[in-house]
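Novice: I'll drop the sequence and a predicted model, then ask my questions.
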Amino acid sequence: MGLGDLAIAIMRRNGVRVDVIRAVDHDIATGVYPDMTEHGWERDEWPALFERIIAADILVLLSPIWLGEKSSVCTKVTERLYGNTSFMAWNLLHLARVLKDAGGIPAYGNQRSEWDAGCHPSAANPEHR
């Protein structure tokens with residue numbers, strides 16, 4: 001089980017619907033425009049994928065690491081997200097306001113003392129203990 005699978009399991013146990021998109025399984029053109037077929041590419045599945053991404057409440061990018069660097073596929077996805085940077089900036093501004101108004105991030109699941117004691121909320125006992 002990989003790190004991504006552990007995070008997915010925690011989210012699902014807490015009632016979060018998780019939609020996994022493997023970018024490597026899709027024909028995503030290189031570039032920064034919303035639809036690269038309008039810029040010379042024959043195929044681009046990004047517009048349909050982006051609709052799924054923009055509908056999400058949370059986006060988590062996972063990547064294998066080769067010599068300390070993210071994969072080229074992850075880089076391509078990041079480049080395509082740059083074409084929608086203004087959405088990200090506004091969402092971060094809104095999220096910051098929501099967190100401030102709510103008194104910050106809840107401690108539940110984020111307590112170092114619980115982790116140091118060998119347990120934390122909603123997590124199965126890791127096999128390495």
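Specialist: Perfect, thanks for sending it.
Novice: which secondary structure element contains Phe90?
Specialist: Careful, residue 90 is Trp; it's not Phe. When secondary structure is defined using DSSP states H and E, the element that contains Trp90 is helix 85-101.
Novice: any idea how far whichever helix or strand comes after that helix is from the chain center?
Specialist: Proceeding N to C from helix 85-101, the next assigned helix or strand is helix 112-116, under DSSP H and E. Using Cα atoms, centre = their mean, to the nearest Å, the distance from the centre of helix 112-116 to the centre of the chain it belongs to is 25 Å.
Novice: what is the rounded mean pLDDT of helix 112-116?
Specialist: The average pLDDT within helix 112-116 is 74.
Novice: do the same with stretch 65-74
Specialist: Per-residue pLDDT over stretch 65-74 has a mean of 89.
Novice: same check, this time on stretch 29-36
Specialist: In this model, stretch 29-36 carries a mean pLDDT of 92.
Novice: Can you give me the buried ones in that stretch?
Specialist: For stretch 29-36, the neighbour count (16 or more other Cβ atoms under 10 Å) marks 29, 31, 36 as buried. Every residue, glycine included, has its C-beta placed from N, CA and C.
Novice: which residues does the first one contact?
Specialist: Contacts were defined as Cβ atoms under 8 Å, 6 or more residues apart in numbering; by that measure Ala29 touches 36-37, 41, 43-44, 46.
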